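J.: Model the following, please.
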Amino acid sequence: NWDDNSSISSSLTLILQSLAILRVVFLSIFNLYAFMTNPKVFIESLNTAQTLLGLDFGDKTIGIAVSDKSHTIATPIKTIRRKSIINDLIELFDLIEEYNVGGLIFGLPLSLNGKENIRTEKVRKFVKVIELEKNIKITLYDERFSSDVIFKELRKNHNSISKIKKKLDQQAAAYILQGF
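T.: Here you go, the predicted structure:
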């Protein structure tokens, strides 16, 4: 019967999607503990008056979010339109001073299988440049799906695609920072 096959196919698709999501969650947790800084240890190493910045690093933009001083709430503050590494660093360092930042949480865009890729290499290179120029604590946080999750949430609220694009990167940075 055609209806039975269609129903079975839909159920199977839903089960496979659920398993894929569980796999990503498991890999995210595993990767967090396998090679990334323990958030509690990282935060305890900061001065109590300092905040954290979350960064969603991309080819065209860098989304930025800042934590409160208790490190519990992340607020999206800016999207840097990338021009050059020097200009990116100037804008970033200005924000670090303005918000009394003690640490940076960079989203690390791992592949679905948990492996590094071209995008993770770009993030790591940018982090190395920052480390050469500024004495600040930096850690990486698995950010698979951060932009997708934010896009879907904003779309659910009937936001236009143009409005979403304007805020997506800084919202993704807040999602990364809040998850940390």
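
J.: Low-confidence ranges, this protein, go.
T.: The chain contains residues with pLDDT under 70 at 1-13, 16-37.

J.: What are the boundaries of the helices in it?
T.: Ranges of helices within the chain are 2-35, 39-44, 85-98, 118-133, 146-156, 161-179, based on DSSP state H.

J.: count of neighbours near the closest residue to Leu95 other than its chain neighbours?
T.: With Cβ to Cβ, 6 or more residues apart in numbering as the criterion, Leu95 has its nearest non-adjacent residue at 6.2 Å, and that residue is Ile64. No exception for glycine: its C-beta is placed from N, CA and C like everyone else's. For Ile64, the neighbour count with other Cβ atoms under 10 Å is 26.

J.: same thing with Glu44?
T.: 10.

J.: Tell me the spacing between it and Asp148.
T.: For Glu44, the distance to Asp148 equals 32 Å [Cβ to Cβ, to the nearest Å].

J.: what does Leu104 give?
T.: In terms of Cβ to Cβ, Leu104 sits 23 Å off from Asp148.

J.: who's more crowded, the two?
T.: Between Leu104 and Asp148, counting by other Cβ under 10 Å, Leu104 is the more crowded of the two (22 against 11).

J.: my guess is Phe180 contacts Ile105, does it?
T.: Yes: using Cβ atoms under 8 Å, Phe180 is in contact with Ile105, at 4.8 Å.

J.: Which one's more surrounded, these two?
T.: A direct count of neighbours by other Cβ under 10 Å for Phe180 and Ile105 places Ile105 higher, at 29 against 24.

J.: Let me see the contact set for the more buried one.
T.: Leu52, Leu53, Gly54, Leu55, Thr139, Leu140, Tyr141, Ile176, Leu177, Phe180 (Cβ atoms under 8 Å, 6 or more residues apart in numbering).

J.: sorry, back to before: which residues touch the residue nearest to Leu95?
T.: Ile64 touches 53-56, 76-80, 92, 95, 170, 173, counting by Cβ under 8 Å, 6+ apart.

J.: which residues does it form a beta bridge with?
T.: Ile64 has these beta-bridge partners by DSSP bridges: Leu55, Lys78.

J.: Find the nearest non-adjacent residue to Asn47, please.
T.: With Cβ to Cβ, 6+ apart, the residue lying closest to Asn47 is Gly102, at 5.6 Å.

J.: how far away is that neighbour from Lys163?
T.: 32 Å.

J.: Between those two, which has more neighbouring residues?
T.: More crowded of Gly102 and Lys163, by other Cβ under 10 Å: Gly102, with 22 against 12.

J.: How many residues are close by Gln166?
T.: Slight slip there: residue 166 is Lys, not Gln. There are 13 residues near Lys166, going by other Cβ under 10 Å.

J.: where's the closest residue to it other than its chain neighbours relative to Arg124, distance?
T.: Once flanking residues are discounted, Lys166 sits nearest to Thr79: 7.5 Å by Cβ to Cβ, 6+ apart. Here Thr79 is placed at a distance of 21 Å from Arg124 (Cβ to Cβ).
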